[in-house]
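In: here is a sequence together with a model predicted from it:
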Amino acid sequence: MSEGYDIDLEMLLIIPFSWGAAASLGMIDDNIIWFLDAGSVIFEQGNVELTVGRIVSLASLLFVLVSRDASLSDTRGIDVWIVYATVGLIVAPPLFPAFADTLAHQPAAMISFTVQSTGFLLVSYIN
């Protein structure tokens, strides 16, 4: 009898989350999935751009947060901080051009991607 590891839907959502985050940061091509362009702008208002990649990342994170075993009223402390930081790194670049310019360089983009992915995994794990 072997020990198995449970992989649930929430853990599998790291794949679309990572795809959206990496495409938003310019680490991979926007059209790596041939039928879906992660760089397509869905909503634009001033400096704010919501692309397909950002929406996929935010939707994945929101799904994990909402489908947790604990109720949303029990969400506090580190859970909230992790979600704020992860959402901030996804949404903030278009709002702050200097931040977007910093993330345009590969080392900064890699650090941001690592922080975002770690935040996603922590939210899923704490669940």
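Out: Alright, I've got the coordinates.

In: the lowest-mean-pLDDT helix or strand in the chain packs against which elements?
Out: Taking mean pLDDT, DSSP states H and E as the measure, the chain has helix 97-103 as its least confident helix or strand, at a mean of 72. On a contact count with 3 or more CB pairs under 8 Å, 6 or more residues apart in numbering; DSSP states H and E, helix 97-103 meets helix 78-95, helix 106-126. Bear in mind the C-beta positions are built from the backbone N, C-alpha and C, glycine included.

In: off-centre distance for the first one?
Out: Read it as helix 78-95. 9 Å (CA atoms, centre = their mean, to the nearest Å).

In: quick one: buried residues of it?
Out: 79, 82-83, 86-87, 89-91, 93-94 (16 or more other CB atoms under 10 Å).

In: just how off-centre is stretch 52-59 within its chain?
Out: 7 Å.

In: repeat that for stretch 44-53.
Out: In terms of CA atoms, centre = their mean, the gap separating the centre of stretch 44-53 from the centre of its chain is 15 Å.

In: what about that stretch, start to end distance?
Out: Using CA to CA, to the nearest Å, one end of stretch 44-53 lies 14 Å from the other.

In: if we can go back for a sec, export the least confident helix or strand of the chain as CSV, just CAs?
Out: Taking C-alpha atoms only, helix 97-103 is exported to CSV below (Å, rounded to 0.1, in the frame of the first residue of the first chain):
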residue,chain,number,x,y,z
PRO,A,97,4.4,53.1,-14.5
ALA,A,98,7.6,53.1,-12.6
PHE,A,99,6.7,49.7,-11.1
ALA,A,100,5.7,48.4,-14.5
ASP,A,101,9.1,49.6,-15.9
THR,A,102,10.9,47.8,-13.0
LEU,A,103,9.0,44.6,-13.8
